[in-house]
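Q: One predicted model, sequence on top.
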Amino acid sequence: MYRIVFLFVLTLSASYPAPAQVQGQVIKVLSYNIHHGENTQGKLDIQGIATVILATNPDLVALQEVDSATSRVNKQDLLKELAAVTGMYIYFGKAMDYEGGGFGNGILSRYPIEKSQSIALPAKGAGSEPRNAAMVTVKLPGDSLLRFISTHLDHLDDPADRLSQVNILMQHVMAQPSLPLIIAGDMNALPASKEIGLFKQTFADATEKLGPTWPSDKPSHKLDYVFLYNKTQWHVMSAQVVEETVASDHRPVIAEVLLK
């Protein structure tokens with residue numbers, strides 16, 4: 001049975017003044033930790049995730065906690081299920097084997113995917129689990145290229161692994177500094193943390209003015225972000241936390257940005 005999800009915007013959503021006489025490509029980016037398709041009622045509900053995506057109509061989607069053919073999702077490939085509903089291109093970056101399938105990060109794109117890569121991230125802390133970043137290069141209208149990364153950083157209280165993971169991501173950013181890049185995902189870090197501070201040395205934070213995103217029923221922690229590189233190439237038009245309380249334990253964030 002399909003259920004209707006009503007989407008609202010938190011009062012902490014932010015709009016930004018449009019730059020005068022600036023032309024470029026407008027891109028809408030959604031970041032969403034989908035909790036392997038399990039909703040807050042403990043039920044597998046990929047349609048709930050699809051409803052959020054369809055309602056927000058993004059161009060690029062960064063998904064975290066994505067299952068591919070695992071037992072707990074009845075061997076479904078969650079990205080392929082979402083692609084069938086949305087008509088978008090997909091890439092799955094597997095972080096680890098799990099229950100006969102894979103678990104990691106996913107990307108949905110309205111733009112053709114030219115290249116794809118899974119970036120292994122260090123995870124050495126006691127109780128840590130394998131982490132990665134899914135990275136694609138997409139072709140925008142006019143044939144310009146954009147890199148897009150979906151990632152999920154370490155969850156431990158000790159920030160050591162997260163700091164190492166951010167540094168690895170920075171190395172990949174600077175490997176092709178001329179290309180614009182968006183990193184979106186669940187960073188498992190608060191805005192005042194060293195990890196987010198490292199990102200903001202190089203990236204503009206499209207979600208800087210937004211409020212908390214986790215847990216979805218009564219959010220108290222901001223963990224989900226959209227970062228933009230190179231800062232001078234971007235203008236943030238708007239950013240929102242979507243008030244969806246059931247489909248996942250995180251609320252999604254969406255940013256509409258202008259690539260100049």
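A: Cool, got the structure. Numbers count the residues shown, from 1 in each chain.
Q: who's in contact with Gln233?
A: Shown in contact with Gln233 (Cβ atoms under 8 Å, 6 or more residues apart in numbering): 180, 259-260. Any C-beta I mention is one placed from the backbone N, CA and C, and that applies to glycine too.
Q: May I have the phi/psi pair for it?
A: Main-chain dihedrals, Gln233, degrees, to the nearest 10: phi -90, psi -10.
Q: The one 4 residues further on too?
A: Torsion angles at Met237 (phi, psi; degrees, to the nearest 10) stand at phi -90, psi -40.
Q: Ok, Val173 next?
A: phi -60, psi -50.
Q: my read: it touches Leu181, true?
A: Yes: with contacts counted by Cβ atoms under 8 Å, Val173 reaches Leu181, the gap being 5.8 Å.
Q: Please enumerate the shared neighbours of those two.
A: Residues touching both Val173 and Leu181 (Cβ under 8 Å, 6+ apart) are Tyr229.
Q: roughly how far apart are Lys139 and Asp158?
A: Taking Cβ to Cβ, to the nearest Å as the measure, Lys139 falls 40 Å from Asp158.
Q: out of those two, which sits in the more crowded spot?
A: Lys139 (15 against 12; other Cβ atoms under 10 Å).
Q: ok, the more buried one - contacts?
A: Applying Cβ under 8 Å, 6+ apart, we find Lys139 in contact with 111-112, 114, 145.
Q: Excluding covalently adjacent residues, which one is nearest to it?
A: Pro112 (5.0 Å; Cβ to Cβ, 6 or more residues apart in numbering).
Q: Contact partners for that neighbour?
A: Counting by Cβ under 8 Å, 6+ apart, Pro112 has contacts 89, 138-139.
Q: one more time with 10 Å
A: By Cβ atoms under 10 Å, 6 or more residues apart in numbering, Pro112 lies in contact with 89, 136-140.
Q: for Ser109, same thing?
A: Shown in contact with Ser109 (Cβ under 10 Å, 6+ apart): 58-61, 83, 88-91, 136, 138-139, 146, 148.
Q: Now with 6 Å, please.
A: Each residue near Ser109 by Cβ atoms under 6 Å, 6 or more residues apart in numbering is listed here: 60, 88-89, 138.
Q: now Tyr91: how far from Ile168?
A: 19 Å.
Q: Settle it for me: which of those two has more neighbours?
A: The residue with more neighbours, out of Tyr91 and Ile168, is Tyr91; 21 against 17, by other Cβ under 10 Å.
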